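Asks: structure, please.
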Amino acid sequence: MLNGFINIDKPSGLSSYSVIRELKPYISNSKLGFVGTLDPIASGVLPVSVGFANRLSDEINSNKKEYLAKGKFGEETDTYDSQGTVTGNAKFDHINEEDFRSALSSFLGEKEQKAPIYSALRINGKRMYDLARKGIEIKPKIRKVELFSVELIDFSAPYFQIKIICGKGFYVRSLINDIGKKLNSLSHMVDLRRTLSGAFSIDSSIKLGNAKKKLADNLFKDLIIPPQEVLFGFKMVNINDLELKKILVGNPIKVNVEYKEKDKLAFLDRSDNLIAIGIIEDGMGAPKKVIRNV
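Replies: Below you'll find the predicted structure:
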């Protein structure tokens, strides 16, 4: 059973779920998922989780993501991007670069952000985009998000490009929609590329087509990133065969290294395979999530 992550460079036009469907025939004996969805319009880093790594998504879904986004002034859409219906028009010839840069700085830090109604967030168990497509009137969710940095890369009216670093849960579409209003105009997103998602960068990603070719040739080791390599903040604990048996049934073990209470642990077998993650609890190494089928 394979366990780990594949750092896919998702092409624009495919949903994150479509990427999973395209890879599944080549890894049919392992569960597949992804960390941090990307809208179909977006391209870039999409970490695909394989096997036990699916249970680690919360641990590696870092609060640091980097995007290159392109927007267009003069039009607002219901989806906040170019795939939606235009719902408003506005002038933009009054916008200059100095005012633009000043406006961008006002979005820095932790702020409340209104999510697009065409988003995967749930209301009473239903996806917002499903409700919106049925014509059901809904109030957009407002959440606290964080923008660490924003940089104007290009401004050639009506188009502009920005580079941002933000926390998880941040909607770049919403930011671009808000930028238009801040500058007394309207705007929507026309392109988005994620270049960083935690430990996964665009430089180390692989195109979907190339990944499928490697999988077809059984070159799994060329693709799979061991989960322990992206478990930042975890302390690695190498265990022997006796300790392995205890960990696999959920029993705590003595840890021969000095750790603090509640320190996060990653348990590795003799072959350096990740077997479980856990914490120091009452002075013992207690497993919390254990791999199956070992």
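Asks: alpha carbons only for contacts and neighbour counts from here, please
Replies: Noted.
Asks: out of the helices and strands in the chain, which is least certain?
Replies: helix 128-133 (a mean of 52; mean pLDDT, DSSP states H and E).
Asks: can you map out the strands along the stretch 101-250 of the chain?
Replies: Here the stretch 101-250 of the chain has its strands, by DSSP state E, counting those that start in this stretch, at 109-114, 122-123, 126-127, 142-156, 159-166, 187-197, 200-201, 206-207, 235-238.
Asks: need the pLDDT of residue 127.
Replies: Looking at residue 127, its pLDDT is 57.
Asks: likewise residue 168?
Replies: 86.
Asks: and the strands of the stretch 101-250 of the chain, which is most packed in?
Replies: Mean neighbours per residue, mean count of other Cα atoms under 10 Å, is largest over those for strand 187-197, with a mean of 24.
Asks: ok and it relative to strand 159-166, angle-wise?
Replies: If you take axes from the mean of the first three to the mean of the last three Cα atoms, to 10 degrees, strand 187-197 sits at 40 degrees to strand 159-166.
Asks: tabulate the CA atom coordinates of strand 187-197 in CSV.
Replies: The C-alpha coordinates for strand 187-197 follow below in CSV (Å, rounded to 0.1, in the frame of the first residue of the first chain):
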residue,chain,number,x,y,z
SER,A,187,-13.3,43.9,-10.7
HIS,A,188,-13.1,40.1,-11.1
MET,A,189,-10.4,37.5,-11.3
VAL,A,190,-9.4,36.2,-14.7
ASP,A,191,-6.5,33.9,-13.8
LEU,A,192,-5.0,32.3,-10.6
ARG,A,193,-1.9,30.2,-10.1
ARG,A,194,-0.9,28.7,-6.7
THR,A,195,2.9,28.6,-6.4
LEU,A,196,3.2,27.4,-2.8
SER,A,197,1.1,25.4,-0.3
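Asks: okay, now residue 215: neighbour count?
Replies: 18 (other Cα atoms under 10 Å).
Asks: let me fix that: residue 21
Replies: Residues near residue 21, counting by other Cα under 10 Å: 13.
Asks: which strand or helix spans it?
Replies: Element membership for residue 21, per DSSP states H and E: helix 16-23.
Asks: what residues of that helix count as buried?
Replies: Across helix 16-23, burial judged by 16 or more other Cα atoms under 10 Å covers 16, 19, 20, 23.
Asks: just put those in CSV and tack on distance to residue 144.
Replies: Listed next are these as CSV, based on distance: Cα to Cα, whole Å:
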residue, distance to residue 144
16, 24
19, 29
20, 30
23, 34
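Asks: so what's residue 262 up against?
Replies: By Cα atoms under 8 Å, 6 or more residues apart in numbering, the contact set of residue 262 is 279, 280, 281.
Asks: domain map for the protein?
Replies: Structurally, the chain divides into domains by automatic domain parsing as follows: 4-62+199-226, 65-192, 233-290.
Asks: the shortest one: end-to-end distance?
Replies: Its start and end residues considered, domain 233-290 measures 18 Å (Cα to Cα, to the nearest Å).
Asks: how far does that domain sit from the chain's center?
Replies: Offset of domain 233-290 from its chain centre (Cα atoms, centre = their mean, to the nearest Å): 27 Å.
Asks: pLDDT on it, on average?
Replies: Taken as a whole, domain 233-290 has an average pLDDT of 91.
Asks: ditto for the first one
Replies: The average pLDDT for domain 4-62+199-226 rounds to 92.
Asks: off-centre distance for it?
Replies: With Cα atoms, centre = their mean, you get 11 Å for domain 4-62+199-226.
Asks: and what of stretch 190-208?
Replies: That offset, for stretch 190-208, works out to 10 Å (Cα atoms, centre = their mean).
Asks: any idea how far residue 277 is from the residue lying farthest from the centre of the chain?
Replies: Computed with Cα atoms, centre = their mean, the residue of the chain farthest from its C-alpha average is residue 242, at 37.1 Å. From residue 242 over to residue 277 the distance is 17 Å, taken as Cα to Cα.
Asks: please apply the same query to residue 290.
Replies: Distance of residue 290 to residue 277, given as Cα to Cα: 7 Å.
Asks: so residue 53, which of the three states?
Replies: Judged by DSSP: H, G, I helix; E, B strand; the rest coil, the three-state class of residue 53 is helix.
Asks: relative to residue 2, how far out is it?
Replies: 9 Å.
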